[in-house]
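[1] What would the 3D arrangement of this be:
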Amino acid sequence: MKVLFPKGVPDGCTQWLRENVGIGNVEVDGNRTQQWITDIPEYAWFYKREAMGISPLNPDAISYVPTITVKDPKKAAWFVMRWAS
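    Residues are numbered from 1 along each chain as shown. Predicted coordinates:
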């Protein structure tokens, strides 16, 4: 299940995912966040910034929206209840 975060991913979200869902494609190393966009089977969830059109009147206007996809349906529902608002 993919969840869009148009206002940005909330603080603590990726840490919660690592603790409660499993390994994802984002690793936090001190104050730096490293991300790998590849979706491999070992990842229980993954982060990606997706291009979204802003206006049908201006197709060149693009905004990038952070998304998190959780693969397991039950854990995805738990994630949505906790973080999507």
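[2] what's near enough to touch Lys48?
    Ile37, Pro66, Thr67, Ile68, Thr69 (Cβ atoms under 8 Å, 6 or more residues apart in numbering). All C-beta spots, glycine's among them, are computed from the backbone N, C-alpha and C.
[3] May I ask which of those has the most neighbours?
    When neighbours are counted by other Cβ atoms under 10 Å, Ile68 leads those with 26 neighbours.
[4] picking that back up, make TSV from the contacts of Lys48 and add pLDDT to it.
    What follows is the contacts of Lys48, written out as TSV (pLDDT from 0 to 100):
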residue	pLDDT
Ile37	60
Pro66	91
Thr67	92
Ile68	92
Thr69	93
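[5] Let's have the residues you listed in CSV, adding distance to Trp78 and secondary structure.
    Listed next are the contacts of Lys48 as CSV, based on distance: Cβ to Cβ, whole Å; DSSP: H, G, I helix; E, B strand; the rest coil:
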residue, distance to Trp78, secondary structure
Ile37, 24, coil
Pro66, 19, strand
Thr67, 17, strand
Ile68, 13, strand
Thr69, 14, strand
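[6] Among these, which one sits closest to Tyr47?
    Ile68 (5.4 Å; Cβ to Cβ).
[7] Would you confirm that the closest one contacts Pro10?
    No: in this structure, Ile68 is not within contact of Pro10 by Cβ atoms under 8 Å, at 10.4 Å.
[8] ranges for the strands of the protein?
    2-4, 26-29, 32-35, 45-55, 58-70 (DSSP state E).
[9] Among the ones you listed, which comes closest to Val80?
    Using Cβ to Cβ, the nearest of the strands of the chain to Val80 is strand 2-4, at 6.1 Å.
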